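Trainee: Using only what follows, build the 3D model:
(chains A, B, C, D, E and F)
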4 protein chains.
Amino acid sequence: MTVSDQLKADKRSRIVEAAARVFASKGYAGAVVADIAIQAEIGKGTIYEYFDSKEDLFFAVFEWYLHRTGSAAMVSIGALGGSAAERLQALSASLMNLWDEIRDVFALVMEFWAASSSSQMRQRFKDAFRQGYDQYRALVASLIRDGMQRGEFRPDVDIESVAAALVGTWDALLLQAWFDSRFDPIAAANGFIDVVIQGMASTRQT
Amino acid sequence: MTVSDQLKADKRSRIVEAAARVFASKGYAGAVVADIAIQAEIGKGTIYEYFDSKEDLFFAVFEWYLHRTGSAAMVSIGALGGSAAERLQALSASLMNLWDEIRDVFALVMEFWAASSSSQMRQRFKDAFRQGYDQYRALVASLIRDGMQRGEFRPDVDIESVAAALVGTWDALLLQAWFDSRFDPIAAANGFIDVVIQGMASTRQT
Amino acid sequence: MTVSDQLKADKRSRIVEAAARVFASKGYAGAVVADIAIQAEIGKGTIYEYFDSKEDLFFAVFEWYLHRTGSAAMVSIGALGGSAAERLQALSASLMNLWDEIRDVFALVMEFWAASSSSQMRQRFKDAFRQGYDQYRALVASLIRDGMQRGEFRPDVDIESVAAALVGTWDALLLQAWFDSRFDPIAAANGFIDVVIQGMASTRQT
Amino acid sequence: MTVSDQLKADKRSRIVEAAARVFASKGYAGAVVADIAIQAEIGKGTIYEYFDSKEDLFFAVFEWYLHRTGSAAMVSIGALGGSAAERLQALSASLMNLWDEIRDVFALVMEFWAASSSSQMRQRFKDAFRQGYDQYRALVASLIRDGMQRGEFRPDVDIESVAAALVGTWDALLLQAWFDSRFDPIAAANGFIDVVIQGMASTRQT
DNA sequence: TATGAATGAGTCTTCATTCAT
DNA sequence: CATGAATGAAGACTCATTCAT
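Mentor: Alright, predicted model coming up:
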């Protein structure tokens, strides 16, 4: 049982990863299920043993992607000790450091975004994104709030706004990197996070 | 001639605007040329008198969109006097104020992003986006540089990074608004731009 | 307009007749839309300009068949003068005479019957059949009733039963002819209708 | 061995009966082998231990059906004494009385008929049907011939025609009952057989 | 012997594009 | 110029059948 379950799970992820590659390079609509099967080195029909439809598979890729990047990011946060500012910097850095790892599947993110607008899968993705952003913003907000309670940050900072904006900034820097290979999102994030921290800092900061 | 050219241009933009609506609601792949023709109240074949292909039409919609939003944004900048900080705030505000106007075609942006990854139209869109972001960043950078020269902003601010990040932030706040109708991008941008300005400000700012 | 409507109707019936041939020889499930297109000498996609689906086309064939046979049969009845017995004989004969004409599409009838049981198209066909049989039985019943009123037939004959049975008999004789090419439905119908008429006749018949 | 053979036969008929249900409700083409396996509460592969193909299984269902109904009908005949007329009436009644029992698998009959036209299984079914009808007609014919020899029926009755027609009528009355649940095949058969008997009767009948 | 995971041939259907009118 | 009927390439999906366990 366990063995076969293991096999099944293995094959499932083989398919998901193959699909991720194909969706990333051709887009959702451009991807051909048969190609995914070839990439996964299985029969075309087998895909339908694991997923109800192409759309379903795409959503599975979405979840795979969330898990993959989400866990990478989260790890770096829990581990941290220092000041709120340091932790923000660390978070920023670790997110941007994902870039190299993510680069070749970043196209997926745009496909996910697009999927949230094409009426077919709209709600499913839109809901997931909303929830994801909610969590993300909440995480950053709590980091800032923490810094505020420690006296690192000024009390009049609009926490929610800053959290939302920072989350967005990280997303968008990767997007710019996607469009321009000469653009360095890590450097940009570093330079920027310092300004933001400075902007939130209690007056007596140097 | 001029009259007929005028007619031609009119019909062309009728098609583009109809296409924008359809692409926005169905996505590029989901949009059906015949639907666009119906929306534009013309014959299906007529579209091919004005555009070589569906892809071509999509690119025309892209250009139409850039023009539409770009001009709206740019206007607000040129007109401005005041301090660099004020101008940044004004820029931020005017961009976010586009939201209500853009909302119903914002799905297009995600389609454009996605198009920049589907190998078919990839380069065309990718190039356009790179160029667009370059200009955008340059604009913001020049604003900051200006503020630096006036002594408003500290000289050690990493101009390019902040410019890139701000441009990204605005994009991404709209994205979050797209996913969550309760999210207010205007408020978030306002709260955030203040922090950023504060962060760049020469020490003696209050 | 009229010309193009004419063309359209022509093409539609070209398709229906091609479909009738293919459905008759392969059965509904075994028929391939592409084959029908080839038979009709049109492009595969063209079929979908005229019919929403294979099922729809099949139903159109059904209607075509009903019309084709129905009208042939009805004609022979209206024209008749003689006694009720003569008219029954004539009806019987004219129905059976359809056999040669119908023979090569009779397989269709069985497909229609089967369609009335496969849950997919069930109701549509079942309703049509019920209605068709209702009309048929009513027709025969009125013929018998007429004979009864003229005093040709005994008053204690169960009109509805005889009508239903006769209608069924004709159907079933063709069915037997279908299974056995040596079986002569015309002769059988002739021999039988005489017995039935005899059985309904007022006692003083010779 | 005997025990295992018994088991084997049991499982075989479990499959056949499950198949009968599924074929009856979905039609031959619409039936899915996997569904049959589920109905039979066995593994999908097991079916292929007992039957070479779906078609084979379908034919087995056909034989099962013939056996099931055939034996039921035949029984009632052999047992009879009485006059030829009485025996015809009894046969008619017993066939029609099968209706309630058959009703829910009657769809199968239409599938069998249809199968005799789809080129794939055509001959196999067609032959079986021809043979079945031959036997049936012979049975009825012998009944009539018997009555003729006893002097019950007139000598000029066309035995073969009446036999064929009667056999057909019974079939067709069930068909009409299938299409219209309000139609009572038993009543119709009763009313009709009397007329037919009357029609064959020697003149001196009351 | 029984099983069900794997397979790929086979089909319906869609839709961008063409072109005769 | 404008049109929309015709087209066929392309692709998601189904399912009978096989075969390793």
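Trainee: Figure out the helix or strand that the residue positioned nearest the centre of chain A lives in.
Mentor: Residue closest to the average C-alpha location in chain A (C-alpha atoms, centre = their mean): A:Thr69, at 5.0 Å. A:Thr69 is part of helix A:54-78 when elements are defined by DSSP states H and E.
Trainee: Any buried residues in stretch A:56-73, and which?
Mentor: A:Leu57, A:Phe58, A:Phe59, A:Ala60, A:Val61, A:Phe62, A:Trp64, A:Tyr65, A:Thr69, A:Ala73 (16 or more other C-beta atoms under 10 Å in any protein chain shown). Just so you know, the C-beta spots here come from the backbone N, C-alpha and C atoms, and that holds for glycine as well.
Trainee: Pick out the least confidently modelled helix or strand of chain A, by mean pLDDT.
Mentor: One helix or strand of chain A scores below all others by mean pLDDT, DSSP states H and E: helix A:54-78, with a mean of 83.
Trainee: Touching, A:Met121 and A:Glu55? I think so.
Mentor: Yes: assessed by C-beta atoms under 8 Å, A:Met121 is found in contact with A:Glu55 at 5.7 Å.
Trainee: who has more neighbours, the two?
Mentor: Neighbours were counted for A:Met121 and for A:Glu55 using other C-beta atoms under 10 Å in any protein chain shown; A:Met121 has more, 20 against 14.
Trainee: distance of the more buried one from B:Ser53?
Mentor: Between A:Met121 and B:Ser53 the distance is 25 Å, computed by C-beta to C-beta, to the nearest Å.
Trainee: Any stretches of chain A with poor pLDDT?
Mentor: Applying pLDDT under 70 to chain A flags residues A:1-7, A:72-80, A:204-206.
Trainee: make it 50
Mentor: A:1, A:205-206 (pLDDT under 50).
Trainee: Would you mind listing what in it touches DNA strand F?
Mentor: A:Ala31, A:Val32, A:Val33, A:Ala34, A:Lys44, A:Gly45, A:Tyr48, A:Ser53, A:Lys54, A:Glu55 (C-beta under 7 Å from any atom of the strand).
Trainee: Select from the residues you listed the one having the most neighbours.
Mentor: For these, counting by other C-beta under 10 Å, the largest number of neighbours falls to A:Ala31: 22 neighbours.
Trainee: Now it. Its backbone dihedrals?
Mentor: The phi/psi pair for A:Ala31 (degrees, to the nearest 10) reads phi -70, psi 140.
Trainee: got a list of what it touches?
Mentor: A:Ala19, A:Val22, A:Phe23, A:Lys54 (C-beta atoms under 8 Å, 6 or more residues apart in numbering or on different chains).
Trainee: Looking at the record's assignment, how would you partition chain A?
Mentor: A:1-51, A:55-200 (automatic domain parsing).
Trainee: Among those domains, single out whichever gets nearest to DNA strand E.
Mentor: Smallest distance to DNA strand E across those (C-beta to the nearest atom of the strand): 1.6 Å, for domain A:1-51.
Trainee: Please work out which residues outside the least confident helix or strand of chain A touch it.
Mentor: A:13, A:15-17, A:19-20, A:23, A:28, A:31, A:33, A:36, A:47, A:50-51, A:87, A:90-91, A:94-95, A:98, A:101-102, A:105, A:108-109, A:111-112, A:115, A:120-121, A:124-125, A:128, A:132, A:139, A:143.
Trainee: Likewise for stretch A:152-165?
Mentor: By C-beta under 8 Å, 6+ apart, stretch A:152-165 touches A:83-85, A:137-138, A:140-141, A:144-145, A:147-148, A:196, A:200-203, B:169, B:172-173, B:176, B:183, B:187-192, B:194-195.
Trainee: ok, 6 Å please
Mentor: A:83-85, A:137, A:140-141, A:144-145, A:147, A:200, A:202, B:169, B:188, B:191-192, B:195 (C-beta atoms under 6 Å, 6 or more residues apart in numbering or on different chains).
Trainee: tell me which residues of stretch A:156-174 are tucked away?
Mentor: Of the residues in stretch A:156-174, those buried (16+ other C-beta under 10 Å) are A:157-174.
Trainee: quick revisit: in the contacts of A:Ala31, find the pair that's most separated.
Mentor: Within those, A:Val22 and A:Lys54 form the most distant pair, 10.6 Å apart (C-beta to C-beta).
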